[in-house]
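Trainee: Dropping a prediction and its sequence here:
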Amino acid sequence: MNYKITVIKGDGIGPEIIDQTITVLEAVSEKCGISFTFKEEMMGGCAIDKYGVPLPESTLKTCRESDSVLLGAVGGPKWEGLPGDRTPEAGLLGIRAGLGLYANLRPAVIYEALREASPLKPEIVEGKIDILVVRELTGGIYFGQRGREEKGTANEWAYDTERYSVAEIERIARTAFEAASKRRGIVTSVDKANVLESSKLWREVVIRVAKDYPDITLNHMYVDNASMQLIRDPGQFDVIVTTNMFGDILSDEASMITGSIGMLPSASLGSGKLGLYEPIHGSAPDIAGQDKANPIATILSAAMMLRYSLEEYAAADIVENAVRKVLEKGYRTPDIASFGGKVVGTAEMGRLIAEEVREYEL
Ligand code: NAD
């Protein structure tokens, strides 16, 4: 198989972490007999500098024609203060909308070798912590009707509207059930069905969709309880599916449990196989160009790409296993070295992971 991958390096540490991810994918290619054609495109601050817009039409066109998109990070102080539609972040919103990506998948995994980095007590994170938050990305209160009335008076008031259609809930529920079928097979649907009408519909539709996935265990949790349970017993969760706003909050909470922003990947998916894969962190301008950035979040994003868009499951496992091995051998980029270890730079970390991929016994 030959896969066409659009590569968007972006700004700040983006180019460094993407370069190492490509090194790892080249090792995957040798190991697994699959090949990649990488086509580089621009988005974010660098695109503003070159084309005057954060998301050139040509970038979107190349993305649409590819099997998947790999993104570093965008933004930085140089482009702060530009008008809203000209910011690097407008490029991010534009690419998600332009590719019809309505599901955001964010795993939060605690690696054995990095258990100490978790801010939770050791007895709470003792077992396996491997959570996937599936967040609805293009609907709900962030996109509903909003406004202000009686402006400038003592009675001024404002409103936002949470609105979900059956079709929107159904497609995100399917994404969650499909993901769970490739994992431990448990879906927790998070809502506020004791109060919100939109949540009542959410729950009804999720229950209906679940009938098509008889092998998956479905349970429901109110969002206030879910936020407590994530801290009290994170090991109980496999896949969490929830609305845009609840997912925004819970995915950040789940990320914190792992203790390192440089380790966390993400995927944004639509109705087809095409997806956008990127680390959850930003462009870290404070360490850009210094060989200090942790490339693991981006490398793990590439592993998600192999699993969810390309369905190369064995290759995805090999990459995740290589990351685990390198951490077990004690190698650390500076951001994850507070509990000791052999400190290496961005390029060396990429090389070590690529080497583990090559050495994997099939
Ligand atoms: P950030 O995630 O870039 O950095 C926060 C802190 O984490 C910094 O100290 C940074 O050095 C560190 N960090 C982040 N990633 C790291 C890595 N891989 N290895 C080691 N350390 C890492 O967030 P910020 O500082 O708030 O934002 C910087 C810029 O990134 C801003 O312009 C912001 O708008 C943009 N941003 C982009 C995205 C994206 O491209 N998806 C997401 C968030 C922020």
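Mentor: All right, it came through fine. Keep in mind the model is a prediction, meaning the values are calculated, not measured. Numbers count the residues shown, from 1 in each chain.

Trainee: And the residue in the stretch 101-250 of the chain that the ligand sits nearest to, what's its pLDDT?
Mentor: Going by C-beta to the nearest ligand atom, the ligand is nearest to Asn104 of the stretch 101-250 of the chain, at 11.3 Å. Bear in mind the C-beta positions are built from the backbone N, C-alpha and C, glycine included. Per-residue pLDDT puts Asn104 at 96.

Trainee: cool, and Gly340?
Mentor: For Gly340, the pLDDT comes out at 87.

Trainee: how far does stretch 327-342 sit from the chain's center?
Mentor: Relative to the centre of its chain, stretch 327-342 is centred 23 Å away, using C-alpha atoms, centre = their mean, to the nearest Å.

Trainee: do the same with stretch 63-82
Mentor: 14 Å.

Trainee: That stretch near the ligand at all?
Mentor: Yes - on the criterion C-beta under 6 Å from any ligand atom, stretch 63-82 is in touch with the ligand at 73-76.

Trainee: For the stretch 101-250 of the chain, which segments count as helices?
Mentor: In the stretch 101-250 of the chain, the helices defined using DSSP state H, counting those that start in this stretch lie at 166-181, 197-210, 223-232, 244-258.

Trainee: How is the protein partitioned into domains?
Mentor: According to automatic domain parsing, the chain comprises the domains 1-107+260-362, 119-257.

Trainee: okay, those domains, which one's buried deepest?
Mentor: Compared across the domains of the chain, domain 1-107+260-362 shows the largest average neighbour count, a mean of 20 (mean count of other C-beta atoms under 10 Å).

Trainee: ok, now which ones touch Ile48?
Mentor: Counting by C-beta atoms under 8 Å, 6 or more residues apart in numbering, Ile48 makes contact with 54, 79, 82, 86, 88.

Trainee: need those in a markdown table with secondary structure, can you?
Mentor: Below are those laid out as a markdown table (DSSP: H, G, I helix; E, B strand; the rest coil):
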| residue | secondary structure |
| --- | --- |
| Pro54 | coil |
| Trp79 | helix |
| Leu82 | coil |
| Arg86 | helix |
| Pro88 | helix |
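
Trainee: Check what pLDDT the closest residue to Asn321 other than its chain neighbours gets.
Mentor: With C-beta to C-beta, 6 or more residues apart in numbering as the criterion, Asn321 has its nearest non-adjacent residue at 6.6 Å, and that residue is Tyr360. On pLDDT, Tyr360 comes in at 93.

Trainee: Could you do Gly127 as well?
Mentor: Checking the pLDDT column for Gly127, the value is 88.

Trainee: right, and it touches Gln236 too?
Mentor: No - using C-beta atoms under 8 Å, Gly127 makes no contact with Gln236, being 9.4 Å away.

Trainee: So the residue of the stretch 51-200 of the chain found nearest the ligand: helix, strand or coil?
Mentor: Closest approach between the stretch 51-200 of the chain and the ligand, counting by C-beta to the nearest ligand atom: Gly75, at 2.7 Å. Here Gly75 is recorded as coil under three-state DSSP.

Trainee: how about it, what does it touch?
Mentor: By C-beta under 8 Å, 6+ apart, the residues touching Gly75 are 10-12, 44-45, 87-89, 282-283.
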